[in-house]
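> Following is a predicted model, sequence given first.
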Amino acid sequence: MFPALRPVAVLFLLAVVAGCTTPPPDQNRPEITFSHLPTINLAVADVQVENRFAAPLKAPHIEHQVPVAPAKAVIRWGQDRLKPAAEAGTARLIINEASMVGEALAQSGGLKGVFTKEQSDRYRATIDARLEVTDGQGVKHGFATATVSRSQTIREDATLTERETLEFELVEKLMADFNREMERNVRQHLQDWVR
């Protein structure tokens with residue numbers, strides 16, 4: 001009926017479809033690294049990191065959704081800080097837990113709840129890891145452990161960006177705690193293996 005409008009309608013439809021299929025711009029996410037810290041040189045020939053924590057991938061667990069998963073941060077810590085400095089032996093950093101869970105907090109009801117912005121969620125992150133050292137014959141000679149946990153609440157009116165920032169900073173602070181505790185325990189319990 002209106003043949004001149006058909007090309008315009010087709011172009012409009014193509015533009016709408018193209019707009020729906022365009023992926024969102026890639027966000028530049030920060031990293032948590034430890035390369036600025038001195039290495040912990042161990043009297044072994046090989047350093048391994050083994051992640052034994054299996055994320056449940058369902059609520060209340062959210063470690064698979066956060067900007068930097070705790071397990072990924074611990075793996076990076078092992079890569080950046082632990083260095084082999086001998087011709088035999090193995091050091092194995094074993095991640096037993098690297099979780100983050102979200103918990104909804106109780107809200108005030110009535111007029112107070114309407115006019116007050118409250119803390120609506122609590123995030124809790126936990127890391128538990130063990131560093132084991134074996135000699136060239138596979139005989140275990142010692143270990144050091146570190147278990148750290150932190151939590152943080154957030155207001156109900158927080159934006160997605162504010163939530164992601166809180167999640168990142170929570171893991172960053174948790175890793176600072178882990179770094180201090182693990183280094184102290186390595187130097188105390190594995191002092192014969194530190195070079």
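Structure received. Numbering: from 1, shown residues only.

> In the helix of greatest length in the chain, which residues are buried?
In the chain, assigned by DSSP state H, the helix with the most residues is helix 160-189. Buried residues in helix 160-189, counted by 16 or more other CB atoms under 10 Å: 163-164, 166-168, 170-171, 174-175, 178-179, 181-183, 185-186. C-beta coordinates here come from the backbone N, C-alpha and C atoms, glycine included.

> same deal with stretch 91-108?
In terms of neighbour count (16+ other CB under 10 Å), stretch 91-108 has its buried residues at 91-95, 97-102.

> mind putting those residues in JSON lines, secondary structure, pLDDT and distance to Arg150 included?
Formatted as JSON lines, these follow (DSSP: H, G, I helix; E, B strand; the rest coil; pLDDT from 0 to 100; distance: CB to CB, whole Å):
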{"residue": "Ala91", "secondary structure": "strand", "pLDDT": "98", "distance to Arg150": "26"}
{"residue": "Arg92", "secondary structure": "strand", "pLDDT": "98", "distance to Arg150": "25"}
{"residue": "Leu93", "secondary structure": "strand", "pLDDT": "98", "distance to Arg150": "20"}
{"residue": "Ile94", "secondary structure": "strand", "pLDDT": "98", "distance to Arg150": "21"}
{"residue": "Ile95", "secondary structure": "strand", "pLDDT": "98", "distance to Arg150": "17"}
{"residue": "Glu97", "secondary structure": "strand", "pLDDT": "98", "distance to Arg150": "13"}
{"residue": "Ala98", "secondary structure": "strand", "pLDDT": "98", "distance to Arg150": "13"}
{"residue": "Ser99", "secondary structure": "strand", "pLDDT": "98", "distance to Arg150": "12"}
{"residue": "Met100", "secondary structure": "strand", "pLDDT": "97", "distance to Arg150": "10"}
{"residue": "Val101", "secondary structure": "strand", "pLDDT": "97", "distance to Arg150": "12"}
{"residue": "Gly102", "secondary structure": "strand", "pLDDT": "94", "distance to Arg150": "14"}
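
> Let me know the closest of these to Val49.
Leu93 (4.7 Å; CB to CB).

> I appreciate the help and will end here.
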